[in-house]
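1. quick one: sequence and predicted model below, then my questions.
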Amino acid sequence: MQSIDNQTLKIISSIILVQGGILLYWFITSENFVISLGFSTLTNVSIFAWCIAALVVALYVWGAASISSVREHMFKLNKLKYLALIGALVSGFFEELLFRKILMDYLEEEGFSNFTQIIISGLAFGLAHLVWGGKALSAAVNATFYTFFLGSGLALVYIMSDKNLALCIIAHTIVTGLIEPGLIKSALLNKLGYLKERT
């Protein structure tokens, strides 16, 4: 089990380094980086958008809690969880900037409807999580299927909040903070089957 913990630490650390490095680059090279995040206008977001975000978080975490290692680590405070919380924050910022702000704003500029933006954002987000299939195709299918719905839900939040990225970042960070490192450990133990946990 120690080696699984070490592998999990390495994976989370790698995510932090890669995504954090790109975030730092964006911060340094973008004039409006902080403003584009939307935290300064978060109080203008409707209660309806907040409710949708809360529902997306609750449903996804509830679904992920069907995986035993996710349940085991959801509220377990140790070095894995502390690092996972840092990783959740980094991923929340990086992935929401990439899959919501950059991708969806581009799609809007190209004339795509809100519905199409949501589907494409969800698909791109899901496909990006194919990397979870390092141990088995079933894990890749599992991750891609479920993260498509998370990505679509967060895309809906982005639309309903008048494209306020901060709400998406908050929701994403909470989800990732709760389900990791349990989800990574489950993938490393090859316990992710097609759309459910292997027994």
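-> Nice, I can see it.
2. separation between S3 and N190?
-> Per CB to CB, to the nearest Å, S3 is found 14 Å from N190. All C-beta spots, glycine's among them, are computed from the backbone N, C-alpha and C.
3. which of those two has more neighbours?
-> Ranked by neighbour count (other CB atoms under 10 Å), S3 and N190 place N190 first, with 13 against 8.
4. check which element follows the longest helix seen in the chain along the chain.
-> Across the chain, the longest stretch assigned as helix under DSSP state H is helix 2-29. Next along the chain after helix 2-29, taking DSSP states H and E as the criterion, comes helix 33-37.
5. which parts of the strand or helix carrying L59 are buried?
-> Using DSSP H and E, L59 maps to helix 47-64. Going by neighbour count (16 or more other CB atoms under 10 Å), the buried part of helix 47-64 is A49, W50, I52, A53, V56, V57, Y60, V61, A64.
6. reformat the residues you listed as TSV; add pLDDT and distance to L165.
-> Listed next are those as TSV, based on pLDDT from 0 to 100; distance: CB to CB, whole Å:
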residue	pLDDT	distance to L165
A49	98	12
W50	98	14
I52	98	15
A53	98	12
V56	98	15
V57	98	16
Y60	97	18
V61	97	21
A64	94	23
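7. okay, buried residues for the helix or strand that the helix holding L59 is followed by please.
-> Downstream of helix 47-64, the first helix or strand assigned by DSSP H and E is helix 68-73. Across helix 68-73, burial judged by 16+ other CB under 10 Å covers S69, V70, H73.
8. ok, those residues vs E110, which is closest?
-> Minimum separation from E110 among the buried residues of helix 68-73 (CB to CB) is found for V70, which lies at 37.2 Å.
9. what's the neighbour count on the residue lying closest to the closest one once chain neighbours are set aside?
-> Closest residue to V70 apart from its sequence neighbours, by CB to CB, 6 or more residues apart in numbering: G182 at 3.7 Å. For G182, the count of nearby residues is 24 (other CB under 10 Å).
10. G182 reaches F75, doesn't it?
-> No. If you go by CB atoms under 8 Å, G182 and F75 don't touch, sitting 10.4 Å apart.
11. buried stuff in the helix or strand hosting I170?
-> Assigned by DSSP H and E, I170 falls within helix 165-179. Under the neighbour-count criterion of 16+ other CB under 10 Å, helix 165-179 has 165-179 buried.
12. now the element after that helix, going C-ward?
-> That would be, after helix 165-179 and using DSSP H and E, helix 182-188.
13. what mean pLDDT does stretch 77-94 have?
-> Mean pLDDT, stretch 77-94: 96.
14. chain center to it: distance?
-> Its chain's average C-alpha position is 11 Å from that of stretch 77-94, according to CA atoms, centre = their mean, to the nearest Å.
15. how about stretch 111-129?
-> The mean C-alpha position of stretch 111-129 is separated from the chain mean by 14 Å, CA atoms, centre = their mean.
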